[in-house]
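sequence unknown, structure follows:
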Ligand code: NAD
């Protein structure tokens, strides 16, 4: 199958002949092609998005909400097909893909409702009889770039929020997972989103961002991906004075104090670490365990990692699938080798599994020195670091040592310590004593080099709204 572009309400293979290959990460075999957009296709998308915006912004918030809720219903009805596409192209176990599809419907429903609450405010005037209001208006056509780790989940946050706010959007979805994006776009199309309001393109990412971001049509840029690419796109957007939401990488600390049930926390930690083979921006990476419990925690964690059933996402009983593409194996393996060369203890894993597909063994490293690359670079793979700390001050200092600050986790039985951790960890999100990040209604985003802006909660809608002040005497 050849994945197509969706521009101005029509599906096509675009105006050029360039194609990308879609690969099954469980086998490494080619399973399809994806059409690449050329400059002429992008120009058509820009014209369509401009026209689409003018029409869509005039559709009432009530009607937009009705259409979006219909799209959510279609996503729910097609959840199994969507999940199969996610697993086929991205590799995660079917159970996780089903969760992703279900969560996508929830995200659309939430924005459908929140879009009806884009209230402005009335500001008392100094002049008698005058009316002053601050109105919330859609910011304009959006250029959105979503990544391959949650091919439906990351795309839907951008599309649902933009559409709920009354914006049109040109989404460049990942070339690795195009049929997931197509299946999602079809739900919006069939729900009644008018032509030009949602446009979907694939191609050479750098060409597409260089074409869309400087265009005067585009008023807002939303990107999810790595810090270096985010830095580049934010600079480009800044040059053209476009608003941005940047959801970039992290290196989540996971602090375990000595007053918790070490077994229960190790089980919880391993459960979340190896989800999506660690390819999650909020995946816990640095497990910082208070000294008396570190050895026990590391031993339990390594045992749990070893016990995971690694296999094709579509196979019955698989708990962890392959990495999403071949380049991630080299990236992850390089980080593990560097760590062991610098003195880290390899407790389990540290190797590719088989020579078919992109499987990497769940890996646990202990006592990793701060000079190791993996202590400073996001592994974005199934590797956990288990290091020790003596005092809470030390743990907080280590958590805050890196220039990124996205997700973070802490476990303690003490309310006072929990309060300190919530106050002092420098991150966009802190989850204490459970895993509580990423619901549609809660803010999702980072600080420092992890980016800015939010992709959840009412903040997620605000990201697509501009304020207009009206004063009437
Ligand atoms: P990468 O840096 O090459 O690309 C990251 C993403 O940005 C991809 O989706 C890619 O298509 C896109 N991209 C790259 N150059 C672009 C450009 N000039 N314009 C527009 N889009 C562009 O890395 P990768 O190998 O695909 O992924 C690995 C790294 O990306 C990870 O280490 C992780 O830090 C980061 N990542 C983060 C998230 C997240 O959820 N924050 C998701 C996926 C990847």
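Received, thanks. Everything numeric in this text was worked out from a predicted model, so none of it was measured. Numbers count the residues shown, from 1 in each chain.

contacts only, for residue 115.
61, 64, 65, 68, 163, 164, 165, 166, 461 (CB atoms under 8 Å, 6 or more residues apart in numbering). Backbone N, C-alpha and C define where each C-beta goes, glycine included.

distance of the second one relative to residue 4?
Between residue 64 and residue 4 the computed distance is 26 Å (CB to CB, to the nearest Å).

do the fifth one as well
Distance from residue 163 to residue 4, counting by CB to CB: 21 Å.

quick one: buried residues of the longest helix anywhere in the chain?
Secondary structure of the chain read by DSSP state H shows that its longest helix is helix 94-114. Residues of helix 94-114 classed as buried: 94, 96-101, 103-112, 114 (neighbour count, 16 or more other CB atoms under 10 Å).

try stretch 466-473
Judged by neighbour count using 16+ other CB under 10 Å, the buried positions of stretch 466-473 are residue 466.

what distance separates that stretch from the centre of its chain?
Its chain's C-alpha centre lies 35 Å from the corresponding centre of stretch 466-473 when counted by CA atoms, centre = their mean, to the nearest Å.

equivalent analysis for stretch 255-274, please.
Relative to its parent chain, stretch 255-274 has a centroid offset of 24 Å by CA atoms, centre = their mean.

could you do stretch 63-72 as well?
The chain centre lies 23 Å from the centre of stretch 63-72; the measure is CA atoms, centre = their mean.

now it: average pLDDT?
Stretch 63-72 shows a mean pLDDT of 98 in the predicted model.

quick one: contacts of that stretch?
Residues outside stretch 63-72 that contact it (CB under 8 Å, 6+ apart): 56, 105-106, 108-109, 111-113, 115-116, 160, 163-164, 166, 187-188, 190-193.

try stretch 305-324
Applying CB under 8 Å, 6+ apart, the external contacts of stretch 305-324 come out as 25-27, 84, 87-88, 90-94, 96-97, 148-149, 176, 270, 273-274, 276-277, 279, 329, 332, 348-349, 353, 357-364, 381-382, 384.

buried set for stretch 300-311?
Within stretch 300-311, the residues that qualify as buried by neighbour count (16+ other CB under 10 Å) are 300, 301, 302, 304, 305, 308, 310, 311.

okay if I get the residues you listed as TSV plus secondary structure and distance to residue 319?
Conversion of these to TSV gives the following (DSSP: H, G, I helix; E, B strand; the rest coil; distance: CB to CB, whole Å):
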residue	secondary structure	distance to residue 319
300	helix	17
301	helix	15
302	helix	16
304	helix	10
305	helix	10
308	coil	5
310	strand	7
311	coil	8
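
and which of those residues is nearest residue 430?
Nearest to residue 430 among the buried residues of stretch 300-311 is residue 301, at 21.4 Å by CB to CB.

so what's the closest one closest to, chain neighbours aside?
Setting aside the residues directly before and after it, residue 301 is nearest to residue 266 in space (CB to CB, 6 or more residues apart in numbering), at 5.0 Å.

that neighbour: how many residues sit nearby?
Burial of residue 266, expressed as a neighbour count using other CB atoms under 10 Å, amounts to 25.

what's the helix or strand for it?
The secondary structure element spanning residue 266 is helix 262-273 (assigned by DSSP states H and E).

buried set for that helix?
Using 16+ other CB under 10 Å, the residues of helix 262-273 that count as buried are 262, 265, 266, 268, 269, 270, 272, 273.

kindly report the same for stretch 274-291.
Judged by neighbour count (16+ other CB under 10 Å), stretch 274-291 contains these buried residues: 274-290.

same question for stretch 53-69.
By neighbour count, and taking 16+ other CB under 10 Å as the criterion, the buried residues in stretch 53-69 are 53, 56, 57, 59, 61, 64, 65, 67, 68, 69.

what about it, start to end distance?
Using CA to CA, to the nearest Å, one end of stretch 53-69 lies 20 Å from the other.

if we can go back for a sec, which of the contacts of stretch 305-324 fall in strands?
Among those, the subset assigned to strands under DSSP state E consists of 348, 353, 359, 360, 363, 364, 384.

what residues does residue 459 make contact with?
Contacts of residue 459 by CB under 8 Å, 6+ apart are 443, 445, 453.

looking at those, which is nearest the ligand?
Proximity to the ligand was ranked across these by CB to the nearest ligand atom; first place goes to residue 445, at 10.2 Å.

for the ligand, what are the nearby residues on the chain?
145, 147-149, 174, 205-206, 209, 224-226, 229, 232-233, 247-249, 281, 327, 378, 380 (CB under 6 Å from any ligand atom).

now, of the residues you listed, which are buried?
By the neighbour-count criterion of 16+ other CB under 10 Å, the residues of the chain next to the ligand include these buried positions: 145, 147-149, 174, 209, 224-225, 229, 233, 247-249, 281, 378, 380.

so which of the residues you listed are in helices?
Secondary structure assignment (DSSP H) places 209, 229, 233 from those within helices.

next one, pLDDT for the first one please.
In the predicted model, residue 209 carries a pLDDT score of 98.

same question for the one 3 residues further on.
Residue 212 carries a pLDDT score of 98 in this model.

how about residue 313?
Residue-level confidence at residue 313 comes out at 98, pLDDT.

what's the spacing between it and residue 361?
From residue 313 to residue 361 the distance is 16 Å (CB to CB).

who's more crowded, these two?
Here residue 313 and residue 361 are compared on neighbour count by other CB under 10 Å; more neighbours surround residue 313, at 27 against 19.

which SSE is that one in?
Secondary-structure element containing residue 313, defined by DSSP H and E: none, the residue being outside all helices and strands.

next up, the contacts around the spatially closest residue to residue 103 that is not a sequence neighbour.
On the basis of CB to CB, 6+ apart, the spatially nearest residue to residue 103 that is not a chain neighbour turns out to be residue 153, at 6.0 Å. Contact analysis of residue 153 by CB under 8 Å, 6+ apart lists 100, 103, 104, 107.
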